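Engineer: Generate coordinates for the sequence data below:
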Amino acid sequence: MRLTVVGCSGSYPGPTSPASCYLLEAVHDDGTGPRTWRVLVDLGNGALGPLHTYADPLAIDAVLLSHLHADHCLDLCGYHVLRRYHPEGAQDRIPVHGPEGTADRMARAYDLPLDPGMTEEFDFHVWDGPVRIGPFAVDPVPVAHPVPAFGLRIEADGAVLAYSGDTGPCDGLDRLAADADLFLAEASFEEGRDNPENLHLTGADCGRAATRAGAHRLVLTHVPPWHDPAVVLAEATTTYDGPVELARPGAVYQLGS
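Structural biologist: Sure thing, here's the model as predicted:
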């Protein structure tokens, strides 16, 4: 399983990165021969353009949305246009998994009638338990955020990627990250500030969660442009003894066989 960071800026696109978007790729034989399967984890504002650098947008097999804040889902609007009006013709529908109300929310975002909305381009599914997409086994775990939100535990090729989505500290993080090969955790807050509860994590929170869960590697993401990423990274090293680094656009992680 290969993870490519397309975008990792927190809350809105920053000067060096679009908002949250991660490309997962793995080879799988579904009975018609082996091929590379590709899924997007979140598709935040500003991410669709840079995605072209890493993969053909028409070769994506599914989109997995952690929640419906704009920095995690809004470029689905542009993706709807690409798949509907591409010169090669309208594309087959692909699955989009997200919280309840995803289809209506995205239709409103592009000022479309709710019926059909974007349902001619996307096959919308509500998170209600584990799903399998080609080689990817995906377990959505509810996390603490002001809107319905999920962390995603994704297994393929004998490896586990844990993605926090956006969340405050909660029990779901420990389940999500248990023995994960890579824990991709959002670090939007800094320690010592008047941070709202049930909204985001600090770097130290990420480190504590990774330590409790026995995660093998920690990658910090979703740092807002108004914070110094070095501060967030330093905080994480005080609570986690394993390898830890900051996500950056274009970074590639090879997990499993």
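Engineer: Show me where the chain has its strands.
Structural biologist: For the chain, the strands defined by DSSP state E occupy 2-7, 21-29, 34-43, 62-64, 94-98, 122-126, 131-133, 136-142, 150-156, 159-163, 182-186, 218-221, 244-246, 252-254.
Engineer: CSV for those, including distance to Ala209?
Structural biologist: Just so you know, the C-beta spots here come from the backbone N, C-alpha and C atoms, and that holds for glycine as well. Formatted as CSV, those follow (distance: least, Cβ to Cβ, whole Å):
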stretch, distance to Ala209
strand 2-7, 19
strand 21-29, 18
strand 34-43, 18
strand 62-64, 21
strand 94-98, 23
strand 122-126, 26
strand 131-133, 24
strand 136-142, 12
strand 150-156, 10
strand 159-163, 9
strand 182-186, 7
strand 218-221, 9
strand 244-246, 12
strand 252-254, 19
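Engineer: how about these, which one is nearest Leu173?
Structural biologist: strand 150-156 (6.8 Å; Cβ to Cβ).
Engineer: and the closest one, how far out from the chain's middle?
Structural biologist: 9 Å (Cα atoms, centre = their mean, to the nearest Å).
Engineer: neighbouring contacts of that strand?
Structural biologist: 1, 24, 26, 41, 64, 66-67, 99, 127, 135-143, 160-165, 167, 172-173, 175-177, 180, 255-256 (Cβ atoms under 8 Å, 6 or more residues apart in numbering).
Engineer: Tell me who's in contact with Val244.
Structural biologist: Gly207, Ala210, Arg217, Leu218, Val219, Leu220, Leu233, Ala236, Thr237.
Engineer: Which among the residues you listed count as buried?
Structural biologist: Taking 16 or more other Cβ atoms under 10 Å as the criterion, what is buried in the contacts of Val244 is Gly207, Ala210, Arg217, Leu218, Val219, Leu220, Leu233, Ala236.
Engineer: Show me which of those is closest to His52.
Structural biologist: Val219 (23.2 Å).
Engineer: In this structure that closest one contacts Ala185, no?
Structural biologist: Yes - counting by Cβ atoms under 8 Å, Val219 does reach Ala185; the two are 7.3 Å apart.
Engineer: Who's the closest spatial neighbour of Thr202, skipping the chain neighbours?
Structural biologist: Excluding its sequence neighbours, the residue lying closest to Thr202 (Cβ to Cβ, 6 or more residues apart in numbering) is Phe189, at 4.5 Å.
Engineer: And the residue most central in space within the chain, how far from Tyr85?
Structural biologist: By Cα atoms, centre = their mean, the mean C-alpha position of the chain lies nearest to Val41, the distance being 3.6 Å. In this view, Val41 and Tyr85 are 25 Å apart by Cβ to Cβ, to the nearest Å.
Engineer: What of Leu199?
Structural biologist: According to Cβ to Cβ, Leu199 stands 37 Å off from Tyr85.
Engineer: swap in Gly207?
Structural biologist: 45 Å.
Engineer: Check Val223 too.
Structural biologist: From Val223 to Tyr85 the distance is 35 Å (Cβ to Cβ).
Engineer: can you check Pro196 too?
Structural biologist: For Pro196, the distance to Tyr85 - Cβ to Cβ - is 41 Å.
Engineer: swap in Thr237?
Structural biologist: Taking Cβ to Cβ, one finds Thr237 at 47 Å from Tyr85.
Engineer: cool, and Leu23?
Structural biologist: If you go by Cβ to Cβ, the gap between Leu23 and Tyr85 works out to 23 Å.
Engineer: more crowded one of those two?
Structural biologist: Ranked by neighbour count (other Cβ atoms under 10 Å), Leu23 and Tyr85 place Leu23 first, with 19 against 11.
Engineer: list the contacts for that one?
Structural biologist: Per Cβ under 8 Å, 6+ apart, neighbours of Leu23: Leu3, Thr4, Val6, Arg38, Val39, Leu40, Val41, Leu51, Tyr54, Ala55.
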